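# Compute the structure for the input listed below.
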Amino acid sequence: MKLLILAILFLLALLMASFFLTQFLALVAKNKLPATGKFTEVSGGTIHWIDAGEGETIVLIHGLGGNHHNFSYMLSGLSRKYRVISIDRLGSAWSTRKHLGCADLIAQADAIVEFIDKEKLKRPLLVGHSLGGAFSLSVGIRFPEKIRGLALICPACMTIDSTPEVFRDLEIRYPIVRTFLSNFLSGFLILTKQKKFLTEIFKPEPVTPDFNIKGGALLSRLPSHFRTTCEDLIAAKASQYTVSSKLVNLDIPTHVLFGEDDVILDAQQHGVAFSKMTGAKLEMIPGAGHMLPITQPQVCNKFIEDVMSDIGSS
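All right, here's what the predicted structure looks like:
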């Protein structure tokens with residue numbers, strides 16, 4: 001009996017140590033990467049966003065587990081020619097989300113459209129990376145009159161039957177478990193797994209050395225961000241057919257940029273097959289992987305500039 005009590009006390013001590021570690025890492029992340037943008041209330045929560053440059057408007061939408069900092073490597077170049085807005089999607093980083101029902105591909109697309117309306121943005125170009133491409137497609141299919149076109153970078157735009165292995169640990173289906181892990185264990189999990197995780201998502205390219213700060217990776221240490229990333233994954237998979245089943249209705253200029261060696265999303269499925277189905281214009285980058293906004297910012301900027309030129313001011 002005494003051994004059992006000691007074992008329980010030891011486990012509780014470990015749990016509390018992990019809790020304080022998680023909260024400490026979150027505090028460090030908040031201090032190093034504070035919210036510096038503006039906030040806009042929408043139906044599903046609050047969107048935090050930054051704004052740079054002048055001219056025709058481009059809205060950047062990050063992928064799963066990301067935040068507006070993911071586009072920092074592109075921002076200075078793009079903002080010389082355009083007004084560039086980079087958002088934290090609902091629930092990500094400094095944005096808030098009311099509940100899980102606001103996480104799916106329809107609800108988040110609605111929030112982006114509401115943001116466009118509230119900020120009086122005149123038909124911006126949507127640039128979506130990875131899962132951000134799926135949200136952008138949802139907007140393009142359902143609200144083509146709100147935007148001038150889509151520029152998709154390594155987008156998740158076709159049905160995904162199996163979650164990429166590197167994200168499977170985030171597929172936590174029970175809310176109470178997500179809440180517990182995010183508040184008590186996410187710090188420990190991130191410290192022990194982040195290096196391997198980043199290596200996998202950047203393959204075959206190396207992880208950019210300053211990604212923690214410039215690329216915003218530190219914000220993944222926020223307990224709320226960990227929880228909503230899990231929710232995003234689950235909600236996106238559950239709602240993906242609402243978008244993929246309507247791809248034939250996509251009637252807006254759409255361009256796709258893909259790394260040929262992307263190990264997260266199959267370039268042949270989400271790039272080649274998608275382009276054949278929708279008529280989207282496809283550009284493939286040899287030897288490149290999934291994280292093009294970070295590893296190939298000049299290529300991404302040239303791609304966007306070409307898209308803007310191709311679409312014109314219509």
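# Leaving out the residues flanking it, which one is nearest to Asp261?
Residue nearest to Asp261 in three dimensions, not counting chain neighbours: Pro204, with 5.0 Å by CB to CB, 6 or more residues apart in numbering. (Glycine included, C-beta is placed from N, CA and C.)
# any idea how far the one you found is from Gly63?
18 Å (CB to CB, to the nearest Å).
# burial of Gln194, as a residue count?
Gln194 sits with 16 neighbouring residues when counted by other CB atoms under 10 Å.
# Next, it: secondary structure please.
helix (DSSP: H, G, I helix; E, B strand; the rest coil).
# Quick one: residues contacting it.
Ala217, Ser220 (CB atoms under 8 Å, 6 or more residues apart in numbering).
# Next one: it relative to Ser220, how far apart?
The value you get for Gln194 to Ser220, if CB to CB is used, is 8 Å.
# same check, this time on Leu250
Distance from Leu250 to Ser220, by CB to CB: 31 Å.
# now the helices: where do they sit in the protein?
2-32, 72-78, 105-118, 131-142, 175-180, 186-202, 223-244, 267, 274-278, 292-295, 297-311 (DSSP state H).
# So which of those helices is nearest Ala52?
helix 72-78 (5.8 Å; CB to CB).
# Export that closest one to CSV, keeping only CA atoms.
C-alpha atoms of helix 72-78 as CSV (Å, rounded to 0.1, in the frame of the first residue of the first chain):
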residue,chain,number,x,y,z
SER,A,72,7.7,36.2,-42.8
TYR,A,73,10.3,35.1,-45.3
MET,A,74,8.1,36.3,-48.2
LEU,A,75,6.7,39.4,-46.6
SER,A,76,9.4,42.0,-47.3
GLY,A,77,9.6,41.1,-51.0
LEU,A,78,5.8,40.9,-51.6
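# Pull out the buried positions in it.
For helix 72-78, burial by neighbour count (16 or more other CB atoms under 10 Å) applies to Ser72, Tyr73, Met74, Leu75, Gly77, Leu78.
# got it, and stretch 2-22?
Buried-residue list, stretch 2-22, by 16+ other CB under 10 Å: Ser18, Phe19, Leu21, Thr22.
# The helices of the chain: which one's closest to Ile213?
Between the helices of the chain, helix 2-32 lies closest to Ile213; by CB to CB that is 6.5 Å.
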